[in-house]
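Participant: Sequence first, predicted model second:
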Amino acid sequence: MAIIGTDIDKAVDLLNRGELVSIPTETVYGLAGNALNPEAVTRIFTVKNRPTFDPLIVHIASLSDARNFAEGINSQARELAEHFWPGPLTLLLPKKEIIPDIVTAGLDRVGIRCPDHALTRKLLNRIGFPLAAPSANPFGYVSPTTPQHVQEQLGDRIPYILDGGPCHVGIESTIVGWEDGKPVIYRMGGVSIEEIQDIIGPVIVTAFSSSQPQAPGQLQSHYAPKRKVFAGDVEELYTRLKPSKPGVLLYRKKAISFKAQPIHVLSATGDLNEGARNLFGMLRAFDHADVDVVLAEFVPDVGLGRAINDRLRRASHMVIG
Ligand code: TXA
Ligand code: MG
């Protein structure tokens, strides 16, 4: 099993030697390796069982580092970075040659992000290279938001998990790139569309609508837990499916007309930030419960709610209603 601890020296030492370390970020835990070392990056794909056509995000300590890895930072990208970094925003920018092709799966853009977590920022400031880090889960499964989630699934394949506590955003970064000079959101995440539009005006959202994804994370079969999740109106889902042992995921506290166990509530008071923080842990919890299906309701489609609904759709076997 991996060691879980807060020893930055140990993490620095492992990363310097081309080993992998799971790192905390404000969004989800990452599976990190030296982005400039193709062997370390290859190890990331192997440990995650991730296809090599799916590129990795490169994590840096500050905006000034971005210039070492991106060929040009357009003015909107700079405005967004100045506003939201460190934070849950990934920018797709033309890559510099120093970034190995395996990191970007041969694409000419590199995803760059400056994570907002004190331990990981300390770590990034100690090492002389950026960290390639996908979410620290086996390919296709729900992302981890605690060290224990990482331990459960990858603990026997990595030496160390840097313990930064539970992730305070809880949902992956928003991914923004430019096509013909126009901003495009490829994945909804911890920075809402509204917040981005407040800074740079209208953006195109292609997240979850493309059959030819620019970001393979747009594939529908992503982020699924082991239990079959059905999303929609839970009463209607129950009537249609008549499950014998349903588990239920509600947005906020409310009465339901049928028996379900367990019932998880994303946020008793209807706070979307709290809902995002709880989402992945609750989806995981059903995998350990005696349920035959999970009936999940959508949340209001505003702010972080859009990213939550996006993840619920991806986690779902079927959406009804
Ligand atoms: O919040 C996050 O972004 C977390 C933490 C650890 O930083 N990372 C994360 O990485 O979610 P991952 O690999 O699980 O998801 C990154 C997504 C993938 O869908 C990948 O296809 C897309 O970003 N992506 C990365 N680099 C890309 C590139 N150069 N072009 C297009 N898509 C890219
Ligand atoms: Mg992932």
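Facilitator: Arrived safely. Numbers count the residues shown, from 1 in each chain. Ligands and ions are numbered 1, 2, ... in the order given.
Participant: Could you pick out the longest helix of the protein?
Facilitator: Longest helix in the chain, counting residues (DSSP state H): helix 272-287.
Participant: Quick one: neighbours of the residue nearest to Asp292 when sequence neighbours are not counted, just the number.
Facilitator: Once flanking residues are discounted, Asp292 sits nearest to Lys245: 4.6 Å by CB to CB, 6 or more residues apart in numbering. For the C-beta atoms, the positions are set from N, CA and C on the backbone; glycine is no exception. Applying other CB atoms under 10 Å, we find 12 residues neighbouring Lys245.
Participant: same thing with Asn49?
Facilitator: Residues lying near Asn49 (other CB under 10 Å) number 12.
Participant: quick one: secondary structure of the nearest residue to it once chain neighbours are set aside?
Facilitator: Leaving out its chain neighbours, the residue that sits closest to Asn49 by CB to CB, 6+ apart is Phe139, at 5.0 Å. With DSSP: H, G, I helix; E, B strand; the rest coil as the basis, Phe139 sits in coil.
Participant: again with Val176
Facilitator: Here Val176 is recorded as strand under three-state DSSP.
Participant: Does the strand or helix carrying Leu312 reach ligand 1?
Facilitator: Here Leu312 sits within helix 304-315, counting by DSSP states H and E. No - Helix 304-315 does not reach ligand 1 (CB under 6 Å from any ligand atom); its nearest approach is 10.7 Å.
Participant: which residues are contacting that helix?
Facilitator: For helix 304-315, the surrounding residues in contact (CB atoms under 8 Å, 6 or more residues apart in numbering) are 142, 171, 174, 187-190, 192-193, 207-208, 220-225, 229, 231, 266, 272-273, 275-276, 279-280, 283, 296, 298-299, 301, 319.
Participant: Show me what counts as buried in the helix or strand just after it.
Facilitator: Toward the C-terminus, helix 304-315 is succeeded by strand 316-320 as the next helix or strand (DSSP H and E). For strand 316-320, the neighbour count (16 or more other CB atoms under 10 Å) marks Ser316 as buried.
Participant: what's around Cys167, how many residues?
Facilitator: Cys167 has 26 neighbours, counted by other CB under 10 Å.
Participant: Spell out which residues sit in contact with the residue nearest to Asn49, please.
Facilitator: Counting by CB under 8 Å, 6+ apart, Phe139 touches 48-51, 54.
Participant: again with Gly189
Facilitator: Gly189 touches 27, 88-90, 171-175, 307, counting by CB under 8 Å, 6+ apart.
Participant: Then Val103?
Facilitator: Applying CB under 8 Å, 6+ apart, we find Val103 in contact with 35, 41, 55-56, 58, 110, 132.
Participant: of the residues you listed, list those near ligand 1.
Facilitator: Applying CB under 6 Å from any ligand atom to those, one finds that 55-56, 110 fall near ligand 1.
Participant: So which of the contacts of Phe139 are in strands?
Facilitator: Using DSSP state E, the subset of the contacts of Phe139 located in strands is empty.
Participant: Any quick ChimeraX command for the buried ones out of those residues?
Facilitator: Entered in ChimeraX, the line below selects the buried ones among those, by 16+ other CB under 10 Å:
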select :48,50,54
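Participant: now the strands: where do they sit in the stretch 51-200 of the chain?
Facilitator: Secondary structure of the stretch 51-200 of the chain by DSSP state E, counting those that start in this stretch: the strands cover 57-59, 89-94, 109-113, 131-132, 160-162, 174-179, 182-187.
Participant: Please identify the deepest-packed of those.
Facilitator: Greatest average neighbour count among these goes to strand 131-132 (a mean of 29), per mean count of other CB atoms under 10 Å.
Participant: Cool, thanks, signing off.
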